[in-house]
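my questions are about this predicted structure, shown below with the sequence.
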Amino acid sequence: MNEYVRRMLQIDCETVSAYIVERLREYMEESGLSGGVLGLSGGIDSSVVAVLLAKATPNFFLLLMPSSSTPARDMEDAMAVVKMVGGEAKHAVIPIDGYVDALSKAVETNDKKIIGNIKARVRMTLLYAFAQKLGYMVVGTGDKSELMLGYFTKYGDGGVDILPIGDLYKTQVRQLGACLGLPESIIRKPPSPALWEGQTAEGELGVDYETIDSVLYLRYEEMRPPQEVAEMLGVDISIINRVDAMVRKSQHKRLPPEIFRLSGRAIGSDWRYPRRYWNIR
């Protein structure tokens, strides 16, 4: 990572963690919900959020939802976090292959990406079912890098009530994980949603997260032009263009569904008139 970017993305872990914990408490109070449910994968993001949630409230529930593509190491790391936060009596392990197979069969598909998204949406359904049962909210684990790139499943892992680390880049989440005392195996593990065997985020994106975070910061926070960013980072301009394309094409994931506004329009006998005749501001 470029030294300038590394310095700019350095965080005060104690201040950041204290702020997130306090905001979690405030959000639960404001929403009238008494706790939080979180999907724990054993990766850095969900592990960091699990620790912060446990600091914020004793009313938390951790859901581990492995599939056939979940590495055994991920389950080991997830259970280590469960023990770390004292969640032995506040967690459940629910294998999801049966649900995924039934839905895949109904759709008549063997496409790994379709099935991967089904897995993410099955997990979302289980999280909300447990949240409703317990009177909790669903706490999301997406970070800023993933949100900006659109590297999440719409209405899957993107379907949550709150995103505590959504304004932290992946490299900053790793910093926070180290400060919170997470095992090194979790902090340095290659990020992966594990929606199919052998999947890694960096392998699928084609760029490592240090480079991704550098590009995102320089392009969208400092608003530097692509060529300047490429020169600063010493990378080919095609990498900058690739990251830009990911951000642009995934915009729909970060927005609520488009509502076709009709209120106050010329609706009635003249609804077939061309748009230019409508009283549209």
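Nice, thanks for sending it over. Please read these numbers as outputs of a predicted model, since none were measured by experiment.

verify the stated contact: residue 150 with residue 248.
No: judged on CB atoms under 8 Å, residue 150 makes no contact with residue 248 at a distance of 9.3 Å. In this view, the C-beta of every residue, glycine as well, is placed from N, C-alpha and C.

more neighbours: these two, which one.
Higher neighbour count among residue 150 and residue 248: residue 150, with 18 against 9, using other CB atoms under 10 Å.

neighbours of residue 253, how many?
Neighbour tally, residue 253, other CB under 10 Å: 15.

OK, contacts around it?
150, 152, 154, 158 (CB atoms under 8 Å, 6 or more residues apart in numbering).

check what pLDDT residue 214 gets.
For residue 214, the model assigns a pLDDT of 96.

does it belong to a helix or a strand, and which?
Assigned by DSSP states H and E, residue 214 belongs to helix 209-220.

off-centre distance for that helix?
17 Å (CA atoms, centre = their mean, to the nearest Å).

measure residue 137 to residue 244 for me?
The spacing between residue 137 and residue 244, counted by CB to CB, to the nearest Å, is 34 Å.

more crowded one of those two?
Using other CB under 10 Å as the criterion, residue 137 and residue 244 rank with residue 137 on top: 23 against 16.

hmm, that one is touching residue 30, no?
No: judged on CB under 8 Å, residue 137 makes no contact with residue 30 at a distance of 10.5 Å.

and the nearest residue to residue 22 once chain neighbours are set aside, what does it touch?
In space, residue 22 comes closest to residue 56 once its chain neighbours are excluded; the distance is 7.8 Å by CB to CB, 6 or more residues apart in numbering. Going by CB under 8 Å, 6+ apart, residue 56 touches 20-22, 24-25, 28, 36.

please flag which of those residues sit within strands.
If you go by DSSP state E, those have residue 36 in strands.

determine which two of the contacts of residue 56 are furthest apart.
Using CB to CB, the two most remote members of the contacts of residue 56 are 22 and 36, lying 14.2 Å apart.

where does residue 222 land in three-state SS?
The three-state label given to residue 222 by DSSP: H, G, I helix; E, B strand; the rest coil is coil.

sorry, back to before: among the contacts of residue 56, which one has the most neighbours?
Going by other CB under 10 Å, residue 36 tops these with 29 neighbours.

got the contact list for that residue?
Counted by CB under 8 Å, 6+ apart, residue 36 has contacts 24, 28, 53, 56-57, 59-61, 131, 136-139, 162.

in helices only, show me these.
24, 28, 53, 56, 131 (DSSP state H).

go ahead and confirm the second one touches residue 35.
Okay, so that is residue 28. Yes: the pair residue 28 / residue 35 is scored as a contact, 6.8 Å apart, by CB under 8 Å.

mutual contacts of the two, please.
57, 137.

and for residue 150 and residue 248, which residues touch both?
Joint contacts of residue 150 and residue 248 (CB under 8 Å, 6+ apart) do not exist.

touching, residue 176 and residue 16? I think so.
Yes: between residue 176 and residue 16 there is a contact under CB under 8 Å: 6.3 Å.

what residues are shared contacts of these two?
Contacts common to residue 176 and residue 16, judged by CB under 8 Å, 6+ apart, are residue 168.

residue ranges in the stretch 151-281 of the chain under the pLDDT threshold?
Counting by pLDDT under 70, the stretch 151-281 of the chain has low-confidence residues at 194, 201, 265-281.

mind redoing it with 90?
Counting by pLDDT under 90, the stretch 151-281 of the chain shows low-confidence ranges at 188-208, 261-281.
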